[in-house]
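J.: Give me coordinates for this.
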Amino acid sequence: MSALAGALRRAGELLIEPAPSFRPGRMESLEVVITALAAGAGATTVSRGLACALRRSRPVEMIEAGQVGFVAAGPGVAVVRDLVPSETGHLHHRGPGRVLVAVADGRREPALAALVRDALAARHERVVLVANRARDVTAWSECGALCVPDSRLGAWLVHRGRWPLGAVGAAFDALAVHVREAR
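T.: All right, here's what the predicted structure looks like:
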């Protein structure tokens, strides 16, 4: 193999993500509903990032905001739904494997988002608060929120179905673990 062919092979390994391999065994189904607490909070970015993170360990079906239809998910499949807040108001999300992720704009007041999360907890068993584009990580963490840092490149990669590296990728991995454990 020539030096050029070897360099191209190594570059391809860096640019092309390997296909996820799923461990055989019994995984429980997971249904995650993601909604924004305010316009422009970045719920679509969080839903796509969470779907990418979950896809690394299990099959995922993604339903974007505004899509109509149902998914017939099999055992072990994670269904990630990006819903607008008006659609979430009628939803009573209860039962095993069901989690509501409330996405707040991390540039806003954390205490108000925590109040809304507590109000949502009256209708939904499991509510996870995410601060997207969080700048004051300490204040958001004190309110019990998981923080996704502000990264235009990370958001760009997520919107194209690619895995973001660095702090954004680590934040989505932490969110995926938290959602799986929030049963």
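
J.: When you work out contacts or count neighbours from here on, use the C-alpha atoms and nothing else.
T.: Fine.

J.: which phi and psi does the residue most central in space within the chain have?
T.: Residue closest to the average C-alpha location in the chain (CA atoms, centre = their mean): Leu50, at 2.3 Å. Backbone torsions for Leu50, taken as degrees, to the nearest 10, come to phi -70, psi -40.

J.: Is it correct that it is in contact with Phe172?
T.: Yes. At 5.7 Å, Leu50 counts as touching Phe172 under the criterion of CA atoms under 8 Å.

J.: Do me a favour and get the end-to-end distance for stretch 139-147?
T.: 10 Å (CA to CA, to the nearest Å).

J.: Touching it from outside, list them.
T.: Outside stretch 139-147, the residues that touch it by CA atoms under 8 Å, 6 or more residues apart in numbering are 106, 110-111, 114, 128-134, 137, 171, 175.

J.: Restrict these to the buried ones and give me that as a ChimeraX selection.
T.: To isolate the buried members of the contacts of stretch 139-147 in ChimeraX, using 16 or more other CA atoms under 10 Å:
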select :106,110,114,128,129,130,131,132,133,134,137,171,175
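
J.: Would you format the contacts of stretch 139-147 as TSV with distance to Ser151 and pLDDT included?
T.: Below are the contacts of stretch 139-147 laid out as TSV (distance: CA to CA, whole Å; pLDDT from 0 to 100):
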residue	distance to Ser151	pLDDT
Gly106	12	92
Pro110	19	93
Ala111	23	90
Ala114	23	92
Val128	21	93
Leu129	19	95
Val130	15	96
Ala131	13	96
Asn132	10	95
Arg133	7	94
Ala134	10	91
Val137	14	91
Ala171	11	95
Leu175	16	95
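
J.: Turn the contacts of stretch 139-147 into JSON lines, including distance to Arg152.
T.: Putting the contacts of stretch 139-147 into JSON lines (distance: CA to CA, whole Å) gives the following:
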{"residue": "Gly106", "distance to Arg152": "14"}
{"residue": "Pro110", "distance to Arg152": "22"}
{"residue": "Ala111", "distance to Arg152": "25"}
{"residue": "Ala114", "distance to Arg152": "25"}
{"residue": "Val128", "distance to Arg152": "23"}
{"residue": "Leu129", "distance to Arg152": "21"}
{"residue": "Val130", "distance to Arg152": "17"}
{"residue": "Ala131", "distance to Arg152": "15"}
{"residue": "Asn132", "distance to Arg152": "12"}
{"residue": "Arg133", "distance to Arg152": "9"}
{"residue": "Ala134", "distance to Arg152": "13"}
{"residue": "Val137", "distance to Arg152": "18"}
{"residue": "Ala171", "distance to Arg152": "14"}
{"residue": "Leu175", "distance to Arg152": "19"}
